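Chemist: I would like to see how this sequence folds:
(3 chains)
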Amino acid sequence: MELFSLFISAIFINNIILNRFLGMCPFMGVSRKTSSALGMGGAVTFVIFFSSIITFGLYTYILEPFNLQYMDLITFILIIASFVQLVEMIIKKFSPSLYKSLGIFLPLITTNCAVLFVALENIKQGFNFTETVVYALAVPIGFTLVLIIFSSIRERLDIADVPQALKGNPVAMIVAAIMALAFSGLAGLV
Amino acid sequence: MSLFKNLSNGIVKENPVFALYLGLCSVLAVSNSINNALGMSVAVIIVLTVSNVIIAAMRKIIPNDIRIPVYIVVIATLVKIVEMLMQAYTPELFTALGVFIPLIVVNCIILGRAEAYASKNTVGASFIDGIGMGLGYTAGIFMLAAIRQLLATGGLNLVNPFNQFVFFDITLIPSEFTIPLFAQPAGAFITFAVLAALLEVYKQSGSKPVKKGA
Amino acid sequence: MNHKKIIHLTLFLAIIASVSGGLLSFVNSLTAPIINENAIAAEKVTLKLLFPNTDDFAPVTDFEDETGSILSIFEAKGAGLAYKVSRMGYANPIVMMVGISNDGKIVGLEVLELADTPGYGMKVGEAPFIDSVVGKSTTDGLDLISGSTVSSTAAITAINAARTHFNNFKGIDDDGSGSVVTPPAPELGRTILLSSDEATSVTTTVTNEVVNGDEKTFTVESNGYSVLEGGYADAKPNVFSITINTVTSVIVAIEVVEMNDTKGIGDKVEHEVFLSQFIGLELEDENASVDIISGVTRTSISAIRAVMATRGK
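Modeler: As a prediction, this is how the structure comes out:
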């Protein structure tokens, strides 16, 4: 039950984008088309899930026993960077079209705050292994969900008559604000 | 003169926050009070400037193939040092900023400037660039924070994080007229959208350089 | 890429990494003692509120907590233990410090972080709730707050985590009653005269009568919310058992036999606060009245109608 509420709350209530403002770069950058949003979501899910498990193991079995907790940031970010490189190679090989549409944002998953955030949060909250797995799955699901909703709204915004100054990113921010309001209605779900 | 131009470029025209949409995560998240915003800004300026200087100094000896991992290690080390110092000497600020301090590592501005500027320019120029971009970040986050805090709580206050000395604490809007929404995520997005639109208007009316109220 | 280059790159990264590692370990050795001291200093103000007569606090670092609610534990030397606990409330985590004295009494509750709905969840930080917790032993039950179930459940779960640890630590036998949380007393609303039309409408059936001397016990089916509002698949009337003194027509006892209205709402009429109002009332008294439970109008009235159905029988 605890795990379930952790799962739901990480997806809806403490949504990584709308509530914690993390992963804003791809949120603004790759959200123009639903298909690339889906691809980005998949890639981020993969990276977060596996890098969380590795960083959890690294912290629990190496850094903590040797009192090297202060090395967490460096080791975590290097693991994430290598992982992103791996995903990039996989996507490039198997889906060149997706690789093209994700463009610059693929290597930027490294600097996607959401990835490092999950790795750090697992440690900070003192999650055990199961909780880490659940959390590392729920956060990117929430990320993907919001990214997809947002990109389908933006596809419609493209054909809407938006005031000159608001065109592009400002109006997207207003859409994000309305989505954040809608999601805040889900507080208290668990 | 060109140094000054560099500096002002980072603050206004290429403002990393509102014009380039970089470092948004921390900007939106810690802009709930000017205290947090300024604390975050100082941390970012320090990391950005020092990392720019170190990377510019080493730009000739860093092998091209592994430059990104090297940048990341340099930045992560600096961030961790700043984090430990803040935890020791400004614990309240450290608690308030929380996870956003370690997340400076993945702030796009810092890695972006390392790759785009410091790796190709001299130490001096990179230092100025770091300060300029850092001040641009500060200007962006401070404006956002001032508006949000004022509308949400009706007042502004600034505290010295080292000794809790209160610089000022003023109330401008009576509590019946505050809009708590601005403390919430939605308020952050709305304020940001309005400020970005105003900057757009300012840029388009380039002929008459009057700064629109923001 | 030839071998020489790979070795060169690896060496370069290794040097960078070891320089950074050395630097970090140096800064860490400088800051770690200050950070530790801060951790206690930050809590000391709160600790002092819980245990005003003690100055000697030490953190308890090695503790087990299955619930994950306990953030940290401090020992107030010679006085008791203080627990910093946290639990997800309605929208945000509730963080509190609970002080438990060595004789197993909760001596203080300080709410450190609370940002739930004003007027509802925020009641957790107000005096009535805090006063209801302070003074209880580590095995007593705690009362929820009506109208802020989510927040007060979270708070009580967090307090219970502290109490469970304390009981294990001190070897206190907990019979489990402490984890039973009593539902809040329902709030009474408007007053209804027993002689009014509202009270005497016939939506009731007397199904059984048992005579016992001067007293007669009726079993009455009375349509409550689920039947009257309709639209529910298995809507059934509520069943009450009512005992009347046939000589004086005074109500002796009333009991809910079957409750078929909304769970969590309709069943509030089973609470003592509501039912005890009936005892001693005279059925023929024009001015006799009871207060219905606010928010549970239909079900409350079904009880009143059940009572009035026994009049004259």
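Chemist: for the residue nearest to residue C:226 when sequence neighbours are not counted, what are its contacts?
Modeler: The shortest distance from residue C:226 to any non-neighbouring residue, by CB to CB, 6 or more residues apart in numbering or on different chains, is to residue C:235 (4.0 Å). Using the backbone N, CA and C atoms, a C-beta is placed for each residue, glycine as well. Contact analysis of residue C:235 by CB atoms under 8 Å, 6 or more residues apart in numbering or on different chains lists C:226, C:227, C:260.
Chemist: Spell out which parts of chain B neighbour chain C.
Modeler: B:62-63, B:65-66, B:69-70, B:73-74, B:76-77, B:80-81, B:84-85, B:87-89, B:91 (CB under 8 Å from any CB of the partner chain).
Chemist: Are any of those residues buried, and if so which?
Modeler: B:62, B:66, B:69-70, B:73-74, B:76-77, B:80-81, B:84-85, B:87-89, B:91 (16 or more other CB atoms under 10 Å in any protein chain shown).
Chemist: which of the residues you listed lies closest to residue B:33?
Modeler: Nearest to residue B:33, judged by CB to CB, of these is residue B:91 at 16.7 Å.
Chemist: Report the buried residues of the helix ranked longest in chain A.
Modeler: Across chain A, the longest stretch assigned as helix under DSSP state H is helix A:129-157. Using 16+ other CB under 10 Å as the test for burial, helix A:129-157 gives A:131-151, A:153-154, A:157.
Chemist: worst-scoring helix or strand of chain C, pLDDT-wise?
Modeler: Lowest on mean pLDDT, DSSP states H and E among the helices and strands of chain C sits helix C:225-229, with a mean of 78.
Chemist: Which other helices and strands does that helix contact?
Modeler: Helix C:225-229 sits against helix C:297-308, with contacts defined as 3 or more CB pairs under 8 Å, 6 or more residues apart in numbering or on different chains; DSSP states H and E.
Chemist: from what I can see residue C:265 touches residue C:294, true?
Modeler: No: Residue C:265 is beyond contact range of residue C:294, at 11.0 Å (criterion: CB atoms under 8 Å).
Chemist: Helices of chain A, start to end?
Modeler: A:2-8, A:24-29, A:34-58, A:72-94, A:96-102, A:113-124, A:129-157, A:169-184.
Chemist: export the fifth one as PDB, just CAs?
Modeler: When you say that, I think you mean helix A:96-102. Provided in PDB are the C-alpha atoms of helix A:96-102 (Å, rounded to 0.1, in the frame of the first residue of the first chain):
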ATOM      1  CA  PRO A  96      17.600   6.900 -37.100                       C
ATOM      2  CA  SER A  97      14.400   8.900 -37.600                       C
ATOM      3  CA  LEU A  98      13.800   9.200 -33.900                       C
ATOM      4  CA  TYR A  99      17.400  10.100 -33.400                       C
ATOM      5  CA  LYS A 100      17.000  12.900 -35.900                       C
ATOM      6  CA  SER A 101      13.900  14.300 -34.300                       C
ATOM      7  CA  LEU A 102      15.300  14.200 -30.700                       C
END
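Chemist: buried residues in it?
Modeler: A:98, A:99, A:101, A:102.
Chemist: do you know how far residue C:75 is from residue C:56?
Modeler: Noted for residue C:75: a distance of 9 Å to residue C:56, by CB to CB, to the nearest Å.
Chemist: which one of those two has more residues nearby?
Modeler: The neighbour comparison of residue C:75 against residue C:56 (other CB atoms under 10 Å in any protein chain shown) goes to residue C:75, with 18 against 10.
Chemist: mind checking how far residue C:304 is from residue C:237?
Modeler: 14 Å.
Chemist: Helix, strand, or coil at residue C:217?
Modeler: Three-state assignment for residue C:217 (DSSP: H, G, I helix; E, B strand; the rest coil): strand.
Chemist: what's near enough to touch it?
Modeler: Residues in contact with residue C:217 (CB under 8 Å, 6+ apart) are C:209, C:210, C:241, C:242, C:243, C:244, C:253.
Chemist: Using JSON lines, please lay out these together with distance to residue B:38 and pLDDT.
Modeler: Shown next, in JSON lines, are the contacts of residue C:217 (distance: CB to CB, whole Å; pLDDT from 0 to 100):
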{"residue": "C:209", "distance to residue B:38": "79", "pLDDT": "87"}
{"residue": "C:210", "distance to residue B:38": "79", "pLDDT": "86"}
{"residue": "C:241", "distance to residue B:38": "69", "pLDDT": "87"}
{"residue": "C:242", "distance to residue B:38": "70", "pLDDT": "89"}
{"residue": "C:243", "distance to residue B:38": "73", "pLDDT": "88"}
{"residue": "C:244", "distance to residue B:38": "75", "pLDDT": "88"}
{"residue": "C:253", "distance to residue B:38": "69", "pLDDT": "86"}
